[in-house]
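# The following comprises the amino acid sequence and a computationally predicted model.
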Amino acid sequence: VSQSRYRIAISINPKDPESYYLRGFYELVGNRDSTAKVYLLKAVDLGSENPETYYSLGNLEVFKEKYNDARKWYLVAMKKDSLDPAYPFAYGLSYYQQKNYSQALVWFNKSLDLDPYYSKTLSQLYTYYFEVAKNVSLADKYNNQMLTADSLHPIARFNRASVLLQKGLKLKSTAAENSKSAYVADSLLFLAVEEYTRSLTRSPGYVLALYNRGYAYRTLGLIPEAKKDFEKVLRLDPYHSKSYFMLATLYEYGKDFENAKK
């Protein structure tokens with residue numbers, strides 16, 4: 001239906017670049033990249049002033065890992081709209097994907113200059129400082145900034161939960177039974193469960209949050225709760241092999257060997 005409507009719009013006014021942009025965007029969303037590019041380039045030829053036309057072309061080039069070409073389109077988008085933080089973020093992300101982190105950080109900061117609470121940039125900075133630079137305090141800074149803007153941001157809550165889970169598991173592996181360390185480890189795991197639950201409040205289909213919460217429950221010995229989370233993961237993603245494995249270990253622990261084998 002949408003395709004035919006865009007076709008009608010183009011036939012009524014074949015010189016309107018916006019109609020070609022919208023048709024191109026529709027094709028892009030439908031993963032028809034080649035057709036999308038044809039319509040988006042037609043919009044460019046007709047003098048499109050919509051920055052999203054150029055942003056979409058940049059995204060198409062990123063999908064093909066043609067990062068230099070992508071950045072050319074993102075620069076045009078920024079010229080058309082110098083106040084949208086999405087465009088410098090996308091420009092920086094193209095460098096990030098090439099592991100050129102110094103350039104990526106320059107553009108991420110330009111994005112935050114336009115909007116200090118732009119969640120995509122904050123999330124990517126968290127990932128960089130947590131996974132690449134191994135600077136937990138800076139990672140927390142950007143994660144907390146996300147939570148300041150949105151206290152139930154699912155990714156920010158997930159990030160906080162994952163740090164707690166990691167700390168709890170590490171402490172649990174070295175803590176003696178009934179020791180103070182074991183108590184602290186369990187406390188951290190319960191806090192992780194709470195944070196994953198907050199993440200799932202906004203995004204109930206967040207598979208990794210469900211799996212990690214199930215893992216925390218399993219470590220705490222809360223077997224019914226763990227089973228429930230792993231089973232829900234499998235309803236959402238029937239190919240999630242780790243959840244099958246976890247369920248197998250739980251059935252085996254309960255001496256239900258038939259279900260464990262299954």
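Good, I have the coordinates.
# and the longest helix for the protein?
Using DSSP state H, we find that the single longest helix of the chain is helix 180-202.
# which other helices and strands contact it?
Helix 180-202 sits against helix 154-174, helix 207-220, with contacts defined as 3 or more C-beta pairs under 8 Å, 6 or more residues apart in numbering; DSSP states H and E. Bear in mind the C-beta positions are built from the backbone N, C-alpha and C, glycine included.
# I'd like to know which of the ones you listed lies nearest to D69.
helix 154-174 (29.0 Å; C-beta to C-beta).
# Tell me the buried residues in that closest one?
Neighbour counts over helix 154-174 (16 or more other C-beta atoms under 10 Å) mark 154-165, 167-169, 171-172 as buried.
# any idea which of the helices and strands packed on helix 180-202 scores lowest on pLDDT?
Ranked by mean pLDDT, those bottom out at helix 154-174, with a mean of 93.
# Export only the CA atoms of it, formatted as PDB.
Extracted C-alpha coordinates of helix 154-174, given in PDB (Å, rounded to 0.1, in the frame of the first residue of the first chain):
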ATOM      1  CA  PRO A 154      16.900   0.300  29.100                       C
ATOM      2  CA  ILE A 155      20.500   0.400  27.900                       C
ATOM      3  CA  ALA A 156      21.700   2.500  30.700                       C
ATOM      4  CA  ARG A 157      20.000   0.300  33.300                       C
ATOM      5  CA  PHE A 158      21.400  -2.800  31.500                       C
ATOM      6  CA  ASN A 159      24.900  -1.300  31.600                       C
ATOM      7  CA  ARG A 160      24.700  -0.600  35.300                       C
ATOM      8  CA  ALA A 161      23.300  -4.100  36.000                       C
ATOM      9  CA  SER A 162      26.100  -5.800  34.000                       C
ATOM     10  CA  VAL A 163      28.800  -4.000  36.000                       C
ATOM     11  CA  LEU A 164      27.100  -5.200  39.200                       C
ATOM     12  CA  LEU A 165      26.800  -8.700  37.800                       C
ATOM     13  CA  GLN A 166      30.400  -8.800  36.800                       C
ATOM     14  CA  LYS A 167      31.600  -7.600  40.300                       C
ATOM     15  CA  GLY A 168      29.200 -10.100  42.000                       C
ATOM     16  CA  LEU A 169      30.400 -13.100  40.000                       C
ATOM     17  CA  LYS A 170      34.000 -12.200  40.500                       C
ATOM     18  CA  LEU A 171      33.600 -11.900  44.200                       C
ATOM     19  CA  LYS A 172      31.500 -15.000  44.400                       C
ATOM     20  CA  SER A 173      34.200 -17.100  42.700                       C
ATOM     21  CA  THR A 174      36.700 -16.200  45.400                       C
END
